[in-house]
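Student: no FASTA, just this:
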């Protein structure tokens with residue numbers, strides 16, 4: 001299961017990026033085309049996949065890829 005999907009992102013992680021998993025959903029704050037803050041929710045097939053997706057995002061954030069706020 002670990003290699004069954006790869007999240008595609010078109011944004012940079014920010015140190016304040018905090019994905020939250022609830023059931024089959026992973027929710028996080030992002031920005032729309034007008035640069036307004038907006039909550040995004042990704043719904044996955046199972047709770048286990050949602051947990052893995054949230055964990056993957058959190059690993060990327062912790063991996064030093066997130067710019068710090070100034």
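Tutor: Yes, it's here. Given the structure is predicted, the values throughout are model-derived calculations rather than measurements.
Student: pretty sure residue 21 contacts residue 49?
Tutor: No: the pair residue 21 / residue 49 is not scored as a contact, 10.0 Å apart, by Cβ atoms under 8 Å. Every residue, glycine included, has its C-beta placed from N, CA and C.
Student: those two: which has the busier surroundings?
Tutor: Set side by side, residue 21 and residue 49 show more neighbours around residue 21, with 20 against 17, by other Cβ atoms under 10 Å.
Student: need the three-state assignment for the nearest residue to that one once chain neighbours are set aside.
Tutor: Nearest residue to residue 21 in three dimensions, chain neighbours excluded: residue 54, at 3.9 Å (Cβ to Cβ, 6 or more residues apart in numbering). Assigned by DSSP: H, G, I helix; E, B strand; the rest coil, the conformation of residue 54 is helix.
Student: ok, residue 54 - how many residues close by?
Tutor: Residue 54 - counted by other Cβ under 10 Å - has 21 other residues nearby.
Student: cool, residue 19 as well?
Tutor: Neighbour count for residue 19, taken as other Cβ under 10 Å: 20.
Student: can I assume it is in contact with residue 28?
Tutor: Yes: using Cβ under 8 Å, residue 19 makes contact with residue 28 at a distance of 4.4 Å.
Student: what do the two both touch?
Tutor: Residues touching both residue 19 and residue 28 (Cβ atoms under 8 Å, 6 or more residues apart in numbering) are residue 57.
Student: low-confidence ranges, the protein, go.
Tutor: For the chain, residues meeting the criterion pLDDT under 70 lie at 1-12, 15, 64-70.
Student: in a strand, residue 16, correct?
Tutor: No: the assignment for residue 16, made by three-state DSSP, is coil rather than a strand.
Student: quick check: the gap between it and residue 30.
Tutor: According to Cβ to Cβ, to the nearest Å, residue 16 and residue 30 sit 11 Å apart.
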